[in-house]
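Undergrad: No sequence on hand, only this structure:
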């Protein structure tokens with residue numbers, strides 16, 4: 001059964017998770033407002049595949065930007081620093097497959113459950129909880145939002161974590 005959550009302004013519906021797939025993969029449908037973007041991060045435990053249904057996504061990876069339109073997709077291997085931006089002028093929708101399963105757990109634990117009618121909840125997400133659970137599921141936040149990948153970027157994780165918490169809280 002699908003369940004919808006709201007992590008930081010995105011609407012994510014868990015279509016399949018570790019229970020249905022024996023931990024082999026997660027299938028997530030997401031709807032993202034224009035300009036929504038992830039922080040610079042990488043997955044240390046899983047590979048991600050993005051398939052665009054509507055709108056457009058720009059994926060910043062290494063020193064290039066990959067534009068993905070409806071019907072297109074992109075594989076993001078483990079340990080690849082990247083930023084994903086909903087770059088259309090209207091809402092964008094995509095399916096994400098994560099293998100092995102891990103991302104659905106993060107969404108369920110850190111996202112706020114949808115109350116119905118597709119409206120976001122009135123309460124903010126817990127940034128500290130999100131960062132803690134990200135580490136447990138293998139998502140390493142490398143820079144705060146608006147950063148882009150830079151080859152061989154050296155990052156002070158403690159300083160960046162503090163900056164990220166303060167930016168997400170505001």
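TA: Arrived safely, thanks for sending. Everything quoted here is computed from the prediction, not taken from an experiment.

Undergrad: I'd like the distance between the residue nearest the centre of the chain and residue 50.
TA: Taking CA atoms, centre = their mean, the centroid of the chain lies closest to residue 38, which sits 5.9 Å from it. Separation of residue 38 from residue 50 (CB to CB, to the nearest Å): 11 Å. Quick note: C-beta positions are derived from backbone N, CA and C, even for glycine.

Undergrad: what do you get for residue 4?
TA: Separation of residue 4 from residue 50 (CB to CB): 19 Å.

Undergrad: same deal with residue 93?
TA: Distance of residue 93 to residue 50, computed by CB to CB: 11 Å.

Undergrad: Over to residue 12?
TA: For residue 12, the distance to residue 50 equals 13 Å [CB to CB].

Undergrad: More neighbours: the two, which one.
TA: residue 12 (24 against 21; other CB atoms under 10 Å).

Undergrad: Secondary structure element holding the more buried one?
TA: For residue 12, the element it lies in under DSSP states H and E is strand 11-16.

Undergrad: so what secondary structure elements neighbour that strand?
TA: strand 3-6, strand 26-32, helix 103-110 (3 or more CB pairs under 8 Å, 6 or more residues apart in numbering; DSSP states H and E).

Undergrad: For residue 68, find the nearest of the ones you listed.
TA: Among these, the nearest to residue 68 by CB to CB is strand 26-32 (12.4 Å).

Undergrad: can I get the helices and strands packed on strand 11-16 in a markdown table with mean neighbour count, mean pLDDT and distance to residue 69?
TA: Below are the helices and strands packed on strand 11-16 laid out as a markdown table (neighbours: other CB atoms under 10 Å; pLDDT from 0 to 100; distance: least, CB to CB, whole Å):
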| stretch | mean neighbour count | mean pLDDT | distance to residue 69 |
| --- | --- | --- | --- |
| strand 3-6 | 19 | 82 | 25 |
| strand 26-32 | 22 | 95 | 14 |
| helix 103-110 | 21 | 83 | 23 |
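
Undergrad: Now render those as a markdown table, adding distance to residue 74.
TA: Compiled in a markdown table, those are given as follows (distance: least, CB to CB, whole Å):
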| stretch | distance to residue 74 |
| --- | --- |
| strand 3-6 | 23 |
| strand 26-32 | 14 |
| helix 103-110 | 16 |
